[in-house]
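**Q** take this sequence and fold it.
(chains A and B)
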Number of protein chains: 2
Amino acid sequence: MRPSVPGLDSVLAGDVGAIAGLIRALDDELPGAAEALQALYPRGGQAFVVGITGSPGVGKSTLTDVLVSAVRARGERVAVVAVDPSSPFTGGALLGDRVRMQRHATDRGVFIRSFATRGRLGGLSRSTSAAVAVLDAAGFPIVFVETVGAGQSEVDIADAADAVVVVTAPGLGDEIQALKVGLLEIADVLVVNKADREGADRTAADLTGMLALGARQVPPVIRVAAATGQGIADLMTALEHLRAAPQEKRVERRRRQAARQLVALAGEGARDAAHAAIGTPESPGPMASLVEDLAARKIDPWTAARALTSGEVLG
Amino acid sequence: MRPSVPGLDSVLAGDVGAIAGLIRALDDELPGAAEALQALYPRGGQAFVVGITGSPGVGKSTLTDVLVSAVRARGERVAVVAVDPSSPFTGGALLGDRVRMQRHATDRGVFIRSFATRGRLGGLSRSTSAAVAVLDAAGFPIVFVETVGAGQSEVDIADAADAVVVVTAPGLGDEIQALKVGLLEIADVLVVNKADREGADRTAADLTGMLALGARQVPPVIRVAAATGQGIADLMTALEHLRAAPQEKRVERRRRQAARQLVALAGEGARDAAHAAIGTPESPGPMASLVEDLAARKIDPWTAARALTSGEVLG
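**A** Okay, here's the model as predicted:
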């Protein structure tokens, strides 16, 4: 039997098999999957989507795991979408969510899906945002999106989440510290994880110092030890506070996100069109000669790109 | 006096002041700068552009510094373009190249320019590729481009360089190890830096193991201690080998890069156009209502993006 796209009614009713099937169908780009998502999209918007991001090694997965337990302890259903660095050799996630899968595997109130960041584009894959839209429409009241905060993905998560938790930890090197500065900009809550380790006070003080230099409202800095549960109640309180943000604040955030999402999709569409116009060496497209001219430096990249986009034939 | 765009003849003659001035003019988007670059572009193509990338903390800057000295010891001129993580608060580079500037400051055969990765796009800025094109046309036989290998920038460097050196070091955590896998894909040479430290043998063995899993030709793995100079001669030999690659191999690489560059520029152009069509809350563009409709979930993002790109008014 060929895989098919699950019915919308089952997804909207929260059927876990149907949800997983639709997410898989979107990832595999099965016929009908995109149309199903478009139909589902207007039914979402109620979920509280929380991004969890930070430099490598700060303990994001453990923190997400503990937050899932905290949400479950209050009786709410919760979904996790995790984006892992991928191996070009195996095509799969290296780290995965083995621990979490074991711990929450028998809990029907928890839905977990990992994506490898496949391909060379970096950042959140289209599949990830599609998965969040499906889980939202399917009625999960909370969706955690866990992603490595490096390069493009930190931007993407800020554009996809209602609240962003940036995770840091004591004892990382100077250069990682520098990378973190880009993350500070998008934080609604800052977590100093591994707060039971030496240097946590210093890390918290450094963060508070860096934040004081910025113009915008300073987010709370919360010390947490995910491994022992220390500080998790404080973090949950901070998240609940963000969740209860006034309607106009939420609308304004979504308006900004919508604008960025449209710009990103327009860019992706143009890239797809350019790919088609260029083609491959085996199957050249109508504008393939532009590539040869640019490689031979007969033309500069900017003039060539304008010609490609306008469909103009030079010569 | 207002800053102006230096004359092309001075740049082509290798005048350092004119080169620096044009790079600055491009960065500041002064009128005439883009046209100057387009005119210069066909004059380049002789430089050997070497990307130096790797995870945070592996010692890329020290390695670049030592390579510059090694090139200078042979009497060739050399340029360095370094891309640093930037602070949204200061707008400037946090790490900078203070050490290198001091060491090579009085050497007229060395040109060094740092860029902060400004804005939220991540990766190599347009200014960086423009700077490389200027330095190439100005006759620098070797240009090193140093960039943090995280997210988008690892892709960009592979598309901008004739050879990519991926730097690793012993003693980094598992998650950093995982990130590194994405870098392996683009490496023409792999360096295990800090090879005088414990764990270097293990790191080299791990890399060799991961590489053996891949389908493509395995790049050399070279142990280096940039701080002591150990292994630098081996690395220089490996780079010379790549520099002497047969013409058809170089042409094929540049053809692939040209195709990717055109696709990237087409995407950027579409993003710029989408920005203009949307406008801002203060100054809405002709398609601003699409943003409101998407934020209110009256429309799905994919349909909205198609409408935006086609200029179609929905209703």
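**Q** setting aside sequence neighbours, what's the nearest residue to residue A:268?
**A** Nearest residue to residue A:268, sequence neighbours excluded (CB to CB, 6 or more residues apart in numbering or on different chains): residue B:267, at 7.1 Å. No exception for glycine: its C-beta is placed from N, CA and C like everyone else's.
**Q** and the one you found, which of the three is it?
**A** helix (DSSP: H, G, I helix; E, B strand; the rest coil).
**Q** burial check on it, number of neighbours?
**A** The local packing of residue B:267 (other CB atoms under 10 Å in any protein chain shown) involves 22 other residues.
**Q** need the pLDDT of it.
**A** Listed pLDDT for residue B:267 reads 90.
**Q** how much space separates it from residue B:53?
**A** Per CB to CB, to the nearest Å, residue B:267 is found 22 Å from residue B:53.
**Q** hang on, the earlier thing: contacts only, for the residue nearest to residue A:268.
**A** By CB atoms under 8 Å, 6 or more residues apart in numbering or on different chains, the contact list for residue B:267 reads A:267-268, A:270-271, A:274.
**Q** please list only the buried members of the residues you listed.
**A** A:267-268, A:270-271, A:274 (16 or more other CB atoms under 10 Å in any protein chain shown).
**Q** where does pLDDT dip in chain A?
**A** A:1-3, A:84-102, A:116-125, A:149-155, A:172-182, A:214-216, A:311-315 (pLDDT under 70).
**Q** where along chain A do the helices fall?
**A** A:8-12, A:16-27, A:33-40, A:60-73, A:98-104, A:126-137, A:152-160, A:174-184, A:200-213, A:232-243, A:247-278, A:288-295, A:301-310 (DSSP state H).
**Q** I'd like to know which of those helices lies nearest to residue B:290.
**A** helix A:247-278 (6.4 Å; CB to CB).
**Q** which of the residues in the closest one are buried?
**A** Across helix A:247-278, burial judged by 16+ other CB under 10 Å covers A:250, A:253-254, A:257-271, A:273-275, A:277-278.
**Q** before we move on, what about stretch A:33-51?
**A** A:33-34, A:36-37, A:40-41, A:43-44, A:47-51.
**Q** closest to chain B out of these?
**A** residue A:41 (3.8 Å; CB to the nearest CB).
**Q** pretty sure the closest one sits against residue A:134.
**A** No: Residue A:41 lies out of contact with residue A:134 (CB atoms under 8 Å); the separation is 9.3 Å.
**Q** list residues touching both of those two?
**A** Joint contacts of residue A:41 and residue A:134 (CB under 8 Å, 6+ apart) do not exist.
**Q** residue A:288: neighbouring residues, count only.
**A** Quick note: residue A:288 (other CB under 10 Å) scores 16 neighbours.
**Q** neighbours of the closest residue in space to it that isn't next to it in sequence, how many?
**A** Excluding the flanking residues, the one nearest residue A:288 by CB to CB, 6+ apart is residue A:279, at 5.4 Å. As a burial measure, residue A:279 scores 15 neighbours (other CB under 10 Å).
**Q** residues touching residue A:45, list them.
**A** Residue A:45 neighbours (CB under 8 Å, 6+ apart): A:136, B:297.
**Q** show me the domain layout of chain A.
**A** Using automatic domain parsing, the domain ranges for chain A come out as A:1-43, A:45-245, A:262-310.
**Q** out of those domains, which is closest to residue B:236?
**A** The minimum distance between residue B:236 and the domains of chain A falls on domain A:45-245, with 25.0 Å, by CB to CB.
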